[in-house]
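all I have is the shape, not the residue letters:
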């Protein structure tokens, strides 16, 4: 029973932090093109490492 309470409190805290993060990101002026480029670069690096076995 106490494990259930601890897990529920942890999930509630995680949800609260996620909501705060989303609201902060909506208010911020971010360069989404740069962020997407960085994510694509990392994804391409992982793909090429998997495909070629190098790196």
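Sure thing, it's come through. Keep in mind the model is a prediction, meaning the values are calculated, not measured.

contacts, neighbours, all on C-alpha from now
OK.

avg pLDDT for the longest helix seen in the chain?
The longest helix of the chain (DSSP state H) is helix 2-27. Averaging pLDDT along helix 2-27 yields 92.

off-centre distance for it?
14 Å (C-alpha atoms, centre = their mean, to the nearest Å).

one more: stretch 16-29?
12 Å.

next: stretch 46-55.
23 Å.

model confidence score at residue 35, please.
At residue 35, pLDDT is 90.

hmm, back to that, after the longest helix of the chain comes which helix or strand?
Counting by DSSP states H and E, the next helix or strand C-terminal to helix 2-27 is helix 32-52.

flag every buried residue along that next one.
Neighbour counts using 16 or more other C-alpha atoms under 10 Å place no residue of helix 32-52 among the buried ones.

chain center to it, what's the gap?
For helix 32-52, the distance to the chain centre is 15 Å (C-alpha atoms, centre = their mean).

other SSEs contacting it?
If contacts are counted by 3 or more C-alpha pairs under 8 Å, 6 or more residues apart in numbering; DSSP states H and E, helix 32-52 sits against no helix or strand.

can you count the residues close to residue 13?
Per other C-alpha atoms under 10 Å, the neighbour tally for residue 13 reads 12.

distance check, it against residue 47.
34 Å (C-alpha to C-alpha, to the nearest Å).

which parts of the longest helix of the chain are buried?
So for helix 2-27, nothing qualifies as buried (16+ other C-alpha under 10 Å).
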